[in-house]
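[1] next one to model:
(chains A and B)
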Amino acid sequence: DSGVTQTPKHLITATGQRVTLRCSPRSGDLSVYWYQQSLDQGLQFLIQYYNGEERAKGNILERFSAQQFPDLHSELNLSSLELGDSALYFCASSVAGGAQETQYFGPGTRLLVL
Amino acid sequence: AQSVTQLDSQVPVFEEAPVELRCNYSSSVSVYLFWYVQYPNQGLQLLLKYLSGSTLVKGINGFEAEFNKSQTSFHLRKPSVHISDTAEYFCAVSGANAGNMLTFGGGTRLMVKP
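    Below you'll find the predicted structure:
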């Protein structure tokens, strides 16, 4: 158990809908990362937050947005969903967001768009 | 930009045999290197990481990896594998050139046969 929690574990929805994925980092970690894992794209970095502020952005679509709240939990919002958004979405956390730090991964949220 | 190549998508091996999973990276600046393991239906777990110093890094579960700067490689090895090592293994880099996020290789599925 990494100490990172993600809810829900599974999500099935239809095209055009909007969903929210939630992540609670390990106790004491200030930085949260979101990654997408799909069969065709592999594991790709989406976005990083540090203590409530966006720190880095990767291959995140404009239809996707995220935020980190004062209690340090984070939410990833996916809207106007398409079939191709079906994937496993991971949240990871680290102490201060440095490149040398270990990122601890949650169990993921499996999204299926029908 | 950084990139990571895992040369083998699948590696079948018999139990108690040695194994090497290959990883090559490209980066124009110094990087930090990581190996993560993903068991079925789970998140990623850190096996080991190289930050600096000794090029031979020992990790959990009997794994080790060797950083070779001239060949830009970070191959993962285990002298004797167990059935329980069956999993997907990901090599990743982070560093100053592309920020603090992890850039992952495509993964290698290690299949340990009895």
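
[2] check contacts around residue 33.
    No chain specified, so I'll use chain A. A:Phe45, A:Leu46, A:Ile47, A:Gln48, A:Tyr49, A:Cys91, A:Ala92, A:Ser93, A:Ser94, A:Gln103, B:Met101, B:Leu102 (CB atoms under 8 Å, 6 or more residues apart in numbering or on different chains). (Glycine included, C-beta is placed from N, CA and C.)

[3] my bad, the chain I had in mind was chain B
    B:Cys23, B:Tyr25, B:Lys49, B:Tyr50, B:Ala65, B:Phe67, B:Phe74, B:Cys91, B:Ala92, B:Val93.

[4] my guess is A:Thr15 contacts A:Leu114. True?
    Yes. Here A:Thr15 reaches A:Leu114: they are 7.3 Å apart, a contact under CB atoms under 8 Å.

[5] identify the contacts common to those two.
    The contact sets of A:Thr15 and A:Leu114 overlap at A:Leu83 (CB under 8 Å, 6+ apart).

[6] residue numbers of chain B in contact with chain A?
    Within chain B, the positions near chain A by CB under 8 Å from any CB of the partner chain are B:32, B:34, B:36, B:42-46, B:49, B:51, B:90, B:94-96, B:99-107.

[7] if any of these are buried, put those into a ChimeraX selection.
    A single ChimeraX command selects the buried members of the residues of chain B next to chain A (16 or more other CB atoms under 10 Å in any protein chain shown):
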select /B:32,34,36,43,44,46,49,90,94,95,99,100,101,102,103,104,105,106,107
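
[8] redo the contacts of B:Leu33 as TSV? Include secondary structure.
    Putting the contacts of B:Leu33 into TSV (DSSP: H, G, I helix; E, B strand; the rest coil) gives the following:
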residue	secondary structure
B:Cys23	coil
B:Tyr25	strand
B:Lys49	strand
B:Tyr50	strand
B:Ala65	strand
B:Phe67	strand
B:Phe74	strand
B:Cys91	strand
B:Ala92	strand
B:Val93	strand
